[in-house]
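Trainee: how would this look folded up:
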Amino acid sequence: MRFSIENREFKRFVFRNPIHGFIEPTIPYNGKTKKNIWIVDMSAGGLKYVSDFEFGVNFIDMYQIQMTLENSELLLFGKIIRKKKLSNNLCEYSVKFDFDYHSN
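Mentor: Next comes the predicted model:
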């Protein structure tokens with residue numbers, strides 16, 4: 001896998017080729033299904049992804065993110081804290097991980 005490293009609070013890995021993953025709400029769960037996302041960077045504190053689905057930004061909704069990294073399946077939980085419009089149908093989102101949340 002090819003990536004570059006940015007220095008911030010946590011080292012951030014910027015993927016040269018975005019990693020495919022899925023995201024779905026866990027709290028409050030309203031019956032929505034998994035959505036495809038493309039993860040463009042990741043650190044110990046969170047990740048950034050691109051999607052053609054519009055997500056809301058708030059500090060209540062909890063999301064579950066599934067991805068495969070170096071042949072390891074990852075299941076991560078976090079909140080969307082930032083949204084940046086890239087084009088008419090594409091947005092970039094920042095997710096802050098929540099390590100205190102445990103799924104059922």
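Trainee: Which residue ranges of this protein form helices?
Mentor: Remark: no helices are assigned in the chain by DSSP state H.
Trainee: ranges for the strands of it?
Mentor: 3-6, 12-27, 35-42, 46-51, 62-69, 72-87, 90-97 (DSSP state E).
Trainee: any chance of those strands in TSV, with mean pLDDT and mean neighbour count too?
Mentor: Just so you know, the C-beta spots here come from the backbone N, C-alpha and C atoms, and that holds for glycine as well. Putting these into TSV (pLDDT from 0 to 100; neighbours: other CB atoms under 10 Å) gives the following:
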stretch	mean pLDDT	mean neighbour count
strand 3-6	53	11
strand 12-27	91	16
strand 35-42	96	19
strand 46-51	96	21
strand 62-69	93	17
strand 72-87	94	13
strand 90-97	96	18
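Trainee: what bridges to Ser87?
Mentor: Using DSSP bridges, the bridge partners assigned to Ser87 are Leu90.
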